[in-house]
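S.K.: my questions are about this predicted structure, shown below with the sequence.
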Amino acid sequence: MHINLIGCGVSGLTTALVLQEEGHTVCIYAEKMPQATTSAVAAAIWFPFSVQPREKANQWSYESFLVFQEMVRHEPSAGVSMIDFLVVVENEADAWWQPAFAPGTIRPARPEEMPLQAGLGFMTHVPLVESPVYLDYLLQRFWEQGGKIVEEKVKHPASLLRKSDFVVNCAGLGARELVGDTGMYAIRGQVVKVAPRPQTRALVVEFTIGPVPGDIAYILPRRDCIVLGGTAYRLDENMIADPVQTQSILERCADLVPEVSHLPVIESVVGLRPGRDCIRLEKELNLNLIHNYGHGGGGYTVSWGCAREVARLVAQS
């Protein structure tokens with residue numbers, strides 16, 4: 001079948017690849033190329049953050065985990081590695097994502113591993129995705145398998161349905177306008193990139209530890225930089241990096257891992273996560289249109305699982 005797909009972020013590219021592997025011809029329509037999307041700004045560690053519904057998110061995350069593990073073993077150019085990652089939550093109920101982990105990749109943190117007096121910790125071993133490298137890798141695979149990209153803004157899926165067997169909507173936050181989804185909202189994320197430093201520990205504190213609700217802290221060491229975060233501000237669409245927030249992020253992260261305070265700042269960047277009460281992954285009734293958007297802060301984490309679900313919906317039709 002010929003499938004037109006809307007959106008060229010990590011969800012769109014991943015879904016396009018899975019559909020190609022199922023034997024379909026795929027053309028992507030996108031206003032922005034991958035490196036200009038929110039996906040390129042993402043810190044991109046595998047972790048089910050701000051994503052619903054929980055049971056399905058865990059399953060999709062688990063499927064994606066296994067794909068990333070195979071990439072680490074067999075695709076060195078993908079920009080994916082496995083790292084030890086400390087996750088700190090307020091209580092056991094907040095660790096609803098435990099079933100999403102592959103066997104042997106999560107355990108309770110030891111007291112000496114905890115950076116705070118409060119909270120409950122888990123030491124995990126998870127995929128870390130260097131987003132610029134990984135997006136280029138996906139794009140190259142898509143092209144090599146005969147994929148095409150049309151750089152234009154789609155105003156309504158119906159315009160693409162007339163010239164394809166199926167349309168898949170992976171528009172992210174753009175679905176708010178594209179299909180009139182008033183349940184979509186922006187979750188503003190600001191991060192600070194500092195110079196890389198070998199053996200810097202990776203961690204996230206999920207609950208607010210700053211002066212404003214949505215002030216969280218995470219430290220993600222990549223080869224090109226260390227990503228320090230961050231913010232998760234709902235209904236905030238300001239795309240300008242705030243220097244006050246930059247300083248607050250630096251201070252929060254230095255309280256957890258003091259050595260990052262001495263590293264030169266490369267830049268501060270902002271992205272808008274596509275927030276929704278739950279991921280929309282469904283086929284419309286009596287219409288060959290499938291939606292796959294609203295992944296919150298878990299776009300990379302659920303990407304392969306959601307893409308395979310889309311392929312299953314196409315196959316069942």
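M.R.: Cool, the structure landed.
S.K.: ranges for the helices of the stretch 201-317 of the chain?
M.R.: Under the criterion DSSP state H, counting those that start in this stretch, helices of the stretch 201-317 of the chain are mapped to 243-256, 299-316.
S.K.: and the first one, what's buried?
M.R.: Read that as helix 243-256. 245-246, 248-250, 252-254, 256 (16 or more other C-beta atoms under 10 Å). C-betas here are computed from N, CA, C, even on glycine.
S.K.: so can I have a markdown table of these showing distance to E177 and pLDDT?
M.R.: A markdown table is the format used below for those (distance: C-beta to C-beta, whole Å; pLDDT from 0 to 100):
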| residue | distance to E177 | pLDDT |
| --- | --- | --- |
| Q245 | 27 | 97 |
| T246 | 30 | 97 |
| S248 | 32 | 96 |
| I249 | 30 | 97 |
| L250 | 35 | 97 |
| R252 | 34 | 96 |
| C253 | 35 | 97 |
| A254 | 39 | 96 |
| L256 | 38 | 95 |
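S.K.: closest to A217 among the residues you listed?
M.R.: Taking C-beta to C-beta as the measure, A217 lies nearest R252 of the buried residues of helix 243-256, at 4.4 Å.
S.K.: any idea how far L116 is from the closest one?
M.R.: The gap separating R252 from L116 is 11 Å, by C-beta to C-beta, to the nearest Å.
S.K.: shared neighbours of the two, anything?
M.R.: Jointly contacting R252 and L116 under the rule C-beta atoms under 8 Å, 6 or more residues apart in numbering are I209.
S.K.: longest helix of the chain?
M.R.: helix 54-74 (DSSP state H).
S.K.: now what about it, what contacts it?
M.R.: Counting by C-beta under 8 Å, 6+ apart, 46, 48, 51, 78, 80-82, 96-97, 99-102, 105, 126-127, 129, 279, 281, 298, 300-306, 308-309 sit against helix 54-74.
S.K.: could you identify the buried members of those?
M.R.: Here, 16+ other C-beta under 10 Å leaves 46, 48, 51, 78, 80-82, 97, 100-102, 105, 126-127, 129, 279, 281, 298, 300-306, 308-309 buried among the contacts of helix 54-74.
S.K.: re the thing from before, need the buried residues of helix 243-256 in CSV (columns: distance to F68).
M.R.: Formatted as CSV, the buried residues of helix 243-256 follow (distance: C-beta to C-beta, whole Å):
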residue, distance to F68
Q245, 30
T246, 30
S248, 31
I249, 26
L250, 29
R252, 28
C253, 25
A254, 30
L256, 25
